[in-house]
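S.K.: what follows is a protein structure lacking sequence information:
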């Protein structure tokens, strides 16, 4: 996303937006962290060693719960990715785009939307309250990843290779009330089952 040819005014505006988002989330009690950003793209080749944002500090666990005033300083002079530590306030279930779409439809139909973060690499994060475990049906699927204690995920508008992390469903839609983890897990299990049925029907056709 970060382009070496961007004018300074664009870079400054992008950094200001990231800082504003970080401060707003910190004021709401979300444990935000500064993350690394991809190397600016200067041609057709990307930095293939860069997969996703990671905390810029090794002691990031000690930063969890930092006050919004200090958080604002992290994003003042440099462009960082915006991360949220999981396992204390928020958890996330990471899935592929197809499963994400199925689950999002089920949540929307039930009238219980969940905040959903989408990354340019096709991965979706469903945000929930914290949990001790996830259902075995989800844990057994290699493409499903639970972000609980000791993990973190990127939040919008973090820069990514060839794009920006963005909201599919904003927290405002839920009134900033994270859905109960077990309820979202159940919907994802149902979406996973319907995905398997669809695959079997296609193979039998």
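M.R.: Sure, I can see it. Bear in mind that the values here come from a model prediction, so they are computed numbers and not experimental data. Residues are numbered from 1 along each chain as shown.
S.K.: contacts and neighbour counts: CA atoms only from here.
M.R.: Will do.
S.K.: show me the shaky parts of the chain.
M.R.: Counting by pLDDT under 70, the chain shows low-confidence ranges at 1-10, 39-50, 195-205.
S.K.: try 50
M.R.: Residues of the chain that meet the criterion pLDDT under 50 lie in 4, 197-205.
S.K.: for it, what spans make up the strands?
M.R.: Secondary structure of the chain, counting by DSSP state E: strands at 32-35, 81-86, 91-96, 116-118, 123-128, 145-147, 151-155, 159-160, 163-164, 166-169.
S.K.: in CSV, list those along with distance to residue 181 and mean neighbour count.
M.R.: Output for the strands of the chain, formatted as CSV (distance: least, C-alpha to C-alpha, whole Å; neighbours: other C-alpha atoms under 10 Å):
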stretch, distance to residue 181, mean neighbour count
strand 32-35, 20, 28
strand 81-86, 13, 26
strand 91-96, 8, 23
strand 116-118, 13, 23
strand 123-128, 5, 25
strand 145-147, 11, 19
strand 151-155, 16, 23
strand 159-160, 27, 26
strand 163-164, 26, 16
strand 166-169, 16, 17
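S.K.: quick one: residue 94 and residue 141 touch, right?
M.R.: No: using C-alpha atoms under 8 Å, residue 94 makes no contact with residue 141, being 11.1 Å away.
S.K.: if we can go back for a sec, can I get the strands of the chain in TSV with distance to residue 63?
M.R.: Listed next are these as TSV, based on distance: least, C-alpha to C-alpha, whole Å:
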stretch	distance to residue 63
strand 32-35	7
strand 81-86	9
strand 91-96	17
strand 116-118	23
strand 123-128	21
strand 145-147	18
strand 151-155	12
strand 159-160	21
strand 163-164	24
strand 166-169	24
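S.K.: tell me how far the residue nearest to residue 74 when sequence neighbours are not counted lies from residue 28.
M.R.: The spatial neighbour of residue 74 that comes closest, neighbours along the chain excluded (C-alpha to C-alpha, 6 or more residues apart in numbering), is residue 34 at 6.6 Å. Computed as C-alpha to C-alpha, to the nearest Å, the residue 34 to residue 28 distance reads 17 Å.
S.K.: likewise residue 188?
M.R.: Applying C-alpha to C-alpha to residue 188 and residue 28 gives a distance of 27 Å.
S.K.: the two: which has the busier surroundings?
M.R.: Using other C-alpha atoms under 10 Å, the more surrounded residue of residue 188 and residue 28 is residue 188, with 26 against 10.
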